[in-house]
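In: Have a look; sequence and predicted model below, questions after that.
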Amino acid sequence: MRNHTVNYLVLRQFIGSLGILLPFLLVFGNRCFNAAWVQPSISHYYYSHMHFLFVGVLCLIAGFLITYRGMESFDNRVSNIAGICALGVAVFPTGFEGFISEDTCYLTLHAWPSYFSYLHYGSAVCLFVCFALFCFKIFTLDDNNRSNSQFEAKKLRRNRFYRLCGWGIVLSMAAIGGVTLYNHLNDSNVFPKATFYFETTSLLFFGNSWLLKGSLDWPQSKFYLKRLMAQPFR
């Protein structure tokens with residue numbers, strides 16, 4: 001039972017680390033190919049030299065989320081939906097329009113059905129909603145099924161941090177929607193890279209909440225990881 005618990009602590013840490021690292025790996029990796037540092041959105045890296053990294057990390061996150069099992073069935077449903085949405089973001093790419101430095105793009109699509117746009121944005125919005133649900137609802141509960149009145153000061157501080165991350169995700173999503181709506185209504189292009197920057201802040205809040213959730217038993221989880229790596233391959 002102990003190994004099972006630690007295993008999921010390590011899984012939480014992997015999920016959080018991937019979320020935090022993704023935008024920075026895309027930016028600096030793309031620059032290694034003398035391409036634009038920052039694209040209009042994280043999804044636009046689908047067409048860059050970081051194509052395989054973008055798709056690969058999303059698929060890893062999706063796999064971790066789908067196989068993740070929480071304390072209640074609600075946790076599992078939210079995690080499964082988030083995993084499916086992460087796959088949707090990777091499988092149904094955003095449109096090429098707006099890609100910076102077209103001469104340095106790695107991939108172009110001969111056909112891009114317009115309904116991909118709805119599937120992509122729908123998956124992305126649903127994914128971030130699930131991230132916020134983890135922060136507001138799931139992570140604030142206790143792994144040992146204690147009630148709120150039984151929480152010690154440490155758990156209460158953690159819950160404040162989870163809610164802060166949740167609001168960070170919500171406000172980042174609202175900022176993306178607000179800038180997009182303003183540009184649409186005024187036929188302008190104010191803050192053209194807003195989607196990338198606010199997607200990055202959302203991922204930072206998401207990743208840090210998962211890292212904190214995975215740190216509940218940090219010394220034991222490190223011991224488990226070392227023991228796992230020491231086992232011979234078969």
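Out: Ah, there it is.

In: can you map out the helices along the chain?
Out: Applying DSSP state H to the chain gives helices spanning 2-31, 51-67, 73-91, 115-133, 153-186, 194-213, 218-230.

In: Make TSV from those helices and add mean pLDDT, mean neighbour count and distance to residue 102 to it.
Out: In this view, the C-beta of every residue, glycine as well, is placed from N, C-alpha and C. What follows is the helices of the chain, written out as TSV (pLDDT from 0 to 100; neighbours: other Cβ atoms under 10 Å; distance: least, Cβ to Cβ, whole Å):
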stretch	mean pLDDT	mean neighbour count	distance to residue 102
helix 2-31	82	17	14
helix 51-67	93	18	15
helix 73-91	94	19	22
helix 115-133	95	18	19
helix 153-186	94	16	21
helix 194-213	95	22	17
helix 218-230	47	12	43
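
In: For residue 104, find the nearest of these.
Out: Among the helices of the chain, helix 2-31 comes nearest to residue 104, with 8.5 Å by Cβ to Cβ.

In: which secondary structure elements does the closest one contact?
Out: Applying 3 or more Cβ pairs under 8 Å, 6 or more residues apart in numbering; DSSP states H and E, one finds that helix 2-31 makes contact with helix 51-67, helix 194-213, helix 218-230.

In: Specify the angle between that helix and helix 194-213 in degrees.
Out: Compare the direction of helix 2-31 with that of helix 194-213 by axes from the mean of the first three to the mean of the last three Cα atoms, to 10 degrees and you get 160 degrees.

In: chain center to helix 2-31, what's the gap?
Out: Chain-centre distance of helix 2-31: 9 Å, with Cα atoms, centre = their mean, to the nearest Å.

In: same question, stretch 199-207
Out: Distance, centroid of stretch 199-207 to centroid of chain: 7 Å (Cα atoms, centre = their mean).

In: still on that earlier bit, may I see the helices and strands packed on helix 2-31 organised as JSON lines, with distance to residue 130 added?
Out: Listed next are the helices and strands packed on helix 2-31 as JSON lines, based on distance: least, Cβ to Cβ, whole Å:
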{"stretch": "helix 51-67", "distance to residue 130": "8"}
{"stretch": "helix 194-213", "distance to residue 130": "10"}
{"stretch": "helix 218-230", "distance to residue 130": "24"}
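
In: right, so of these, which gets closest to residue 17?
Out: It is, among the helices and strands packed on helix 2-31 and with distance given as Cβ to Cβ, helix 194-213, at 6.8 Å.

In: Between helix 73-91 and that closest one, find me the angle.
Out: Inter-element angle recorded for helix 194-213 and helix 73-91: 140 degrees (by the same axes, to 10 degrees).

In: list the helices and strands helix 194-213 packs on?
Out: Helix 194-213 packs on helix 2-31, helix 115-133, helix 153-186, going by 3+ Cβ pairs under 8 Å, 6+ apart.

In: Perfect, that will be all.
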